[in-house]
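# Just to be clear, the model below is a prediction. Sequence and coordinates:
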Amino acid sequence: MLKNKTLSNRLFEAHSKSLFKNLQMLQINLENKLYTLTQPMLLGILNPTPDSFYDGGKYTTENAVLQRADEIITQGGHIIDIGGYSSRPHATHISEEEELKRTLPAIESIKKKFPDALISIDTFRSKVANEAISAGACMVNDISGGSIDKAIWQTAATQKIPYILMHMRGTPQEMTQMTTYQDVLKEVYFYFSEKIAELRTLKQRDIIVDVGFGFAKTQAQNFILLKNLEYFHSLNLPLLVGVSRKSMIYKTLQTTSDKALNGTTVLHTIALIKKAQFLRVHDVREAVETIKLVSYMS
């Protein structure tokens with residue numbers, strides 16, 4: 001029995017090494033430039049919203065937006081992730097027009113001052129995605145995985161830009177009531193399997209997977225997903241981890257999002273060891289340092 005178990009462990013280790021070697025060859029196309037994901041990429045968060053859970057109200061003027069964009073770029077961020085719709089639990093629902101009013105000027109101002117900046121539009125609405133792409137965005141980050149506005153899939157596929165497919169149930173207003181799973185790991189995996197197959201029929205080329213920490217998950221479920229993050233590598237797609245300053249950190253530590261930087265760095269370290277290719281972060285400099293240190297273990 002022990003001999004069989006040892007053989008099984010060796011086979012698993014061999015498979016894992018082979019898998020991670022293949023993962024290093026994953027690529028993504030951004031503005032007609034091919035990036036090989038041998039090192040993780042960072043999405044720096046820029047929310048021109050009044051009510052986001054951590055940075056709400058900080059970036060509501062053009063000057064503040066440009067200062068934040070400059071900070072992300074100079075500190076080593078690769079992509080600026082702009083979202084005009086707060087997705088925190090029970091956030092106020094806003095119209096498309098309001099979302100566009102918040103995001104389009106921000107994108108246009110950034111592209112004017114930083115023409116080479118890579119911008120992701122964080123939205124679940126196809127109209128917002130379309131107009132953001134026209135303004136200069138080169139990636140769609142959809143928290144709903146196409147569940148709210150499925151036309152957003154066609155938008156990303158037609159425009160031939162990367163699409164971040166996140167797992168969520170319901171909407172930000174109701175997701176905290178939708179956390180019942182028989183097996184959260186398997187159900188999230190099957191969700192991705194089905195949606196990836198549909199996206200491929202639309203000829204969507206670049207897909208990035210985000211398990212959706214904090215979205216229709218309990219604290220315990222969040223940590224189950226993080227602990228088993230390698231499980232999703234069998235999808236053979238890049239993995240994005242978005243845990244920055246979230247409640248899974250500050251509620252566990254009985255603190256606040258303002259004091260959750262250390263906890264964020266700890267979870268980023270775990271995610272990187274488990275071979276996440278993208279981190280979505282508030283604190284770019286600290287994430288860059290984390291990547292540098294973890295890279296010495298590879």
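Nice, thanks for sending it over.
# Could you look up the SS state of the closest residue to Ser247 other than its chain neighbours?
Among residues not flanking Ser247 along the chain, Gly214 sits closest, at 6.2 Å (CB to CB, 6 or more residues apart in numbering). Heads up, the C-betas are built off the backbone N, CA and C, glycines and all. On the three-state scheme (DSSP: H, G, I helix; E, B strand; the rest coil), Gly214 is labelled coil.
# again, but for Gly44
Quick answer, by three-state DSSP: Gly44 is strand.
# Make sure it is actually in contact with Ile82.
No - between Gly44 and Ile82 there is no contact under CB atoms under 8 Å: 9.8 Å.
# Compare the two (neighbour count), which wins?
Ile82 (30 against 26; other CB atoms under 10 Å).
# In the helix or strand hosting the more buried one, which residues are buried?
For Ile82, the host element (DSSP states H and E) is strand 79-83. Neighbour counts over strand 79-83 (16 or more other CB atoms under 10 Å) mark Ile79, Ile80, Asp81, Ile82, Gly83 as buried.
# Among those residues, which one sits closest to Val294?
Ile79 (19.4 Å; CB to CB).
# what bridges to the closest one?
Leu43 (DSSP bridges).
# Quick one: the helices in the protein, in order.
Along the chain, the stretches classed as helices by DSSP state H are 2-23, 62-74, 96-113, 126-135, 151-159, 184-201, 219-227, 247-250, 261-273, 284-295.
# Just the C-alphas of the third one, formatted as PDB.
These are the backbone C-alpha positions of helix 96-113, laid out as PDB (Å, rounded to 0.1, in the frame of the first residue of the first chain):
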ATOM      1  CA  GLU A  96     -25.100  52.400 -17.900                       C
ATOM      2  CA  GLU A  97     -25.000  56.100 -18.500                       C
ATOM      3  CA  GLU A  98     -23.500  56.700 -15.000                       C
ATOM      4  CA  GLU A  99     -21.000  53.900 -15.500                       C
ATOM      5  CA  LEU A 100     -19.900  55.400 -18.800                       C
ATOM      6  CA  LYS A 101     -19.700  58.800 -17.300                       C
ATOM      7  CA  ARG A 102     -17.200  57.500 -14.700                       C
ATOM      8  CA  THR A 103     -15.100  55.300 -16.900                       C
ATOM      9  CA  LEU A 104     -14.800  56.900 -20.400                       C
ATOM     10  CA  PRO A 105     -13.200  60.200 -19.300                       C
ATOM     11  CA  ALA A 106     -10.700  58.200 -17.200                       C
ATOM     12  CA  ILE A 107      -9.700  56.000 -20.100                       C
ATOM     13  CA  GLU A 108      -9.400  58.900 -22.500                       C
ATOM     14  CA  SER A 109      -7.300  61.000 -20.100                       C
ATOM     15  CA  ILE A 110      -5.000  58.100 -19.400                       C
ATOM     16  CA  LYS A 111      -4.500  57.200 -23.000                       C
ATOM     17  CA  LYS A 112      -3.800  60.800 -23.900                       C
ATOM     18  CA  LYS A 113      -1.100  61.200 -21.200                       C
END
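# from the middle of its chain, how far away would that helix be?
With CA atoms, centre = their mean, to the nearest Å as the basis, helix 96-113 stands 20 Å off its chain's centre.
# ok, now the shortest one?
Helix 247-250 has its C-alpha centroid displaced from the chain centroid by 17 Å (CA atoms, centre = their mean).
# Can you tell me which helices and strands it packs against?
Applying 3 or more CB pairs under 8 Å, 6 or more residues apart in numbering; DSSP states H and E, one finds that helix 247-250 makes contact with helix 219-227, helix 261-273.
# Now stretch 218-235: buried residues?
Gln221, Asn222, Phe223, Ile224, Leu225, Leu226, Leu229, Phe232, His233.
# and which of those is nearest Pro50?
Asn222 (26.2 Å).
# pretty sure that closest one is in contact with Gly214, am I right?
Yes - Asn222 lies in contact with Gly214 (CB under 8 Å); the separation is 6.4 Å.
# Between these two, which contacts overlap?
Val243, Met248 (CB atoms under 8 Å, 6 or more residues apart in numbering).
# Looking at the helices of the chain, spot the one closest to Leu240.
helix 261-273 (9.4 Å).
# residues making contact with that closest one?
By CB under 8 Å, 6+ apart, the list of residues contacting helix 261-273 reads 40, 226, 229, 241, 243-245, 248-250, 252-253, 255, 279, 281-283, 286-287, 290-291, 293-294, 297.
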